[in-house]
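*Asks:* 3D, please:
(2 chains)
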Amino acid sequence: GESVGLHLPTLSVQEGDNSIINCAYSNSASDYFIWYKQESGKGPQFIIDIRSNMDKRQGQRVTVLLNKTVKHLSLQIAATQPGDSAVYFCAEINYGGSQGNLIFGKGTKLSVKP
Amino acid sequence: DGGITQSPKYLFRKEGQNVTLSCEQNLNHDAMYWYRQDPGQGLRLIYYSQIVNDFQKGDIAEGYSVSREKKESFPLTVTSAQKNPTAFYLCASSSGVGYEQYFGPGTRLTVT
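*Replies:* This is a model prediction of the structure:
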């Protein structure tokens, strides 16, 4: 069935290092992907998105890479800061699907060590 | 300020009681959503609404009910039929189904 999952449930990095959070998806027909950041006890916040006709998109300190061949999505955070500590979710949408709603992965917890 | 508000932040109820969680948005979004999040888990869709006076079941609608009488409001009722209601509930909205969703701060419901 359709699923969105993550390779690593937890990731610990040193402050100032780059972080890479990975996500695998199984529906090759998905059209749109979003990364969300959720801090403890709060709602998810939009970080960056990418459409299926793109391979890479950059934001401020973040880059999302999409590899449709292997159905893999990654979020790269440059110069990771303590404020980046959170759970990161990838989500996908298949506009041609029955609901066209976001399907969320389970999340990766990023811990930044000072 | 534009955004989504949920109230209350924490809610405690006795088993067997119905409870209604509030969600309001002033983003002029047509679509609204309710998700449930359990510890260490992702988000599971309970109900969503694409437009006023219309709503659809999500993946885990059993034991829940919603209404969409106004564009800006999408309250969720957790009924006594929900077998495991203790969870973190998140409301979201978007300009339409399939677009980026904006989330509220969440309501943590504890039923004892």
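
*Asks:* looking at residue A:93 now. What's its pLDDT?
*Replies:* On the pLDDT scale, residue A:93 is placed at 86.

*Asks:* tell me what it is bridged to.
*Replies:* residue A:32 (DSSP bridges).

*Asks:* go on, residue B:22?
*Replies:* Beta bridges link residue B:22 to residue B:7 when assigned by DSSP bridges.

*Asks:* now residue A:24
*Replies:* Taking DSSP bridges as the rule, residue A:24 bridges to residue A:5, residue A:72.

*Asks:* how about the residues of chain A by chain B?
*Replies:* Selection of chain A residues close to chain B by CB under 8 Å from any CB of the partner chain yields A:32, A:34, A:36, A:41-46, A:49, A:89, A:93, A:95, A:99-102, A:104-107. Glycine gets a C-beta too; all of them are placed from N, C-alpha and C.

*Asks:* pLDDT below threshold where in chain A?
*Replies:* A:1-8, A:96-100 (pLDDT under 70).

*Asks:* for the residue in it that chain B sits nearest to, grab the count of nearby residues.
*Replies:* Going by CB to the nearest CB, chain B is nearest to residue A:43 of chain A, at 3.5 Å. Neighbourhood size, residue A:43 [other CB atoms under 10 Å in any protein chain shown]: 22.

*Asks:* now swap in the one 5 residues further on and tell me
*Replies:* Residues near residue A:48, counting by other CB under 10 Å, number 17.

*Asks:* do the same with residue A:67
*Replies:* Look at residue A:67: counted by other CB under 10 Å, it has 11 neighbours.

*Asks:* spatially nearest residue to residue 57 (excluding sequence neighbours)?
*Replies:* Assuming you mean chain A. Nearest non-adjacent residue to residue A:57, counting by CB to CB, 6 or more residues apart in numbering or on different chains: residue A:50, 4.6 Å away.

*Asks:* hmm, no, I was thinking of chain B.
*Replies:* In space, residue B:57 is closest to residue B:47, 6.2 Å off (CB to CB, 6+ apart).

*Asks:* surely the one you found touches residue B:61?
*Replies:* Yes - at 5.8 Å, residue B:47 counts as touching residue B:61 under the criterion of CB atoms under 8 Å.

*Asks:* more crowded one of those two?
*Replies:* Set residue B:47 next to residue B:61 and count neighbours by other CB under 10 Å: residue B:47 wins out with 22 against 16.

*Asks:* that one and chain A: what is the separation?
*Replies:* Applying CB to the nearest CB, to the nearest Å, the value for residue B:47 to chain A is 11 Å.

*Asks:* ditto for residue B:94
*Replies:* If you measure residue B:94 against chain A using CB to the nearest CB, the figure is 9 Å.

*Asks:* just checking, that residue touches residue B:100?
*Replies:* Yes - here residue B:94 reaches residue B:100: they are 6.1 Å apart, a contact under CB under 8 Å.

*Asks:* close to chain A: what parts of chain B are there?
*Replies:* So far as CB under 8 Å from any CB goes, chain B lies against chain A at B:4, B:6, B:33, B:40-43, B:45, B:48, B:56, B:58, B:90, B:92, B:97-98, B:100-106, B:108.

*Asks:* so the residue most central in space within chain B: helix, strand or coil?
*Replies:* In chain B, the residue lying closest to the centroid (CA atoms, centre = their mean) is residue B:34, at 3.1 Å. Put simply, residue B:34 is strand when judged by DSSP: H, G, I helix; E, B strand; the rest coil.
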